[in-house]
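Student: dropping the sequence and predicted coords here.
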Amino acid sequence: MRAALAMMLVATIGTGLSIGCEKEQPPLPPPPPAAPPPPPRQAAAAPAADAAPPKPKMVAPTDGLSLADRIKKRQEEEKKLADELAGAEKKRLIAYDKTKLAIHTQVFAAIKKVRDSYAKAKNKEDVAKNAAAQQKTIDATGKKMMTIDPKGGNSNVVTDYDVMLDALSNGYPEALSASFDGDKKGLDDVNKELDKRSKKIEDWLADVKAAKK
């Protein structure tokens with residue numbers, strides 16, 4: 001009887017131990033750590049903003065000319081081109097002024113007449129009277145001159161007319177009056193300027209008249 005009880009006790013204890021073991025199973029080992037992400041790709045370094053561009057390779061000239069000869073050749077080519085452009089521009093201006101030749105003739109003739117009128121002055125009072133008498137002619141000539149080239153850039157001598165008319169209206173009578181007080185320099189300077197522009201106009205109008213249509 002005791003032996004049977006002992007057997008039952010052992011069986012009961014074994015069963016409890018078995019149940020306890022089932023309840024207290026050790027935890028599963030943690031999963032292995034994830035592999036670290038790959039390092040980010042580094043963008044190619046941009047060239048520095050102030051980095052100097054590569055110097056072009058020097059190529060030896062193959063024309064067989066020395067440096068002095070090449071400079072001379074370039075200057076000759078530049079002069080040739082400038083002469084061609086100047087010639088084409090002159091032809092354009094002549095063609096335009098030829099269409100206004102009658103007005104050119106009238107304007108220039110009036111300018112010369114006004115200038116000649118001062119030759120009669122014998123004193124400052126004569127100069128003042130002549131200046132007042134000629135002002136209407138100067139104003140009318142100026143208006144006629146403006147009809148030659150209203151937009152500008154098409155006539156070769158309109159600027160010269162304008163300068164001469166302004167001088168005859170202001171600078172010339174003032175310089176002429178001063179000359180009667182002994183100051184001749186101002187009058188000499190004005191006369192040189194008027195002579196220079198008169199020569200330019202005469203030569204130009206001669207070219208315009210000679211040009212073919």
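Tutor: Done, it's in.
Student: point out where the protein drops to low pLDDT.
Tutor: 1-52, 56, 58-61 (pLDDT under 70).
Student: quick one: the helices in it?
Tutor: 2-23, 67-99, 101-117, 124-146, 158-166, 172-179, 185-210 (DSSP state H).
Student: out of the ones you listed, flag the one nearest residue 57.
Tutor: helix 67-99 (18.7 Å; Cβ to Cβ). Every C-beta, even on glycine, is put in place using the N, C-alpha and C of the backbone.
Student: can you list the buried residues in the closest one?
Tutor: Buried residues in helix 67-99, counted by 16 or more other Cβ atoms under 10 Å: 93-94, 96-98.
Student: would you format the helices of the chain as CSV with distance to residue 152 included?
Tutor: Shown next, in CSV, are the helices of the chain (distance: least, Cβ to Cβ, whole Å):
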stretch, distance to residue 152
helix 2-23, 113
helix 67-99, 12
helix 101-117, 16
helix 124-146, 10
helix 158-166, 8
helix 172-179, 25
helix 185-210, 17
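Student: so which residue is dead centre in the protein?
Tutor: residue 153 (18.8 Å; Cα atoms, centre = their mean).
Student: could you measure from that one over to residue 79?
Tutor: Distance, residue 153 to residue 79, using Cβ to Cβ, to the nearest Å: 24 Å.
Student: residue 177 now?
Tutor: From residue 177 to residue 79 the distance is 47 Å (Cβ to Cβ).
Student: residue 199 now?
Tutor: In this view, residue 199 and residue 79 are 26 Å apart by Cβ to Cβ.
Student: again with residue 102
Tutor: Taken as Cβ to Cβ, the span from residue 102 to residue 79 is 37 Å.
Student: again, but for residue 63
Tutor: Relative to residue 79, residue 63 is positioned 19 Å away (Cβ to Cβ).
Student: likewise residue 190?
Tutor: In terms of Cβ to Cβ, residue 190 sits 35 Å off from residue 79.
Student: farthest-apart pair in the buried residues of helix 67-99, please.
Tutor: Checked with Cβ to Cβ, the buried residues of helix 67-99 reach their widest spread between 93 and 98, with 9.5 Å between them.
Student: how far away is residue 155 from residue 182?
Tutor: Residue 155 is 40 Å from residue 182, by Cβ to Cβ.
Student: between the two, which is the more surrounded one?
Tutor: More crowded of residue 155 and residue 182, by other Cβ atoms under 10 Å: residue 155, with 20 against 6.
Student: my guess is that one contacts residue 149. True?
Tutor: Yes. Residue 155 lies in contact with residue 149 (Cβ atoms under 8 Å); the separation is 4.0 Å.
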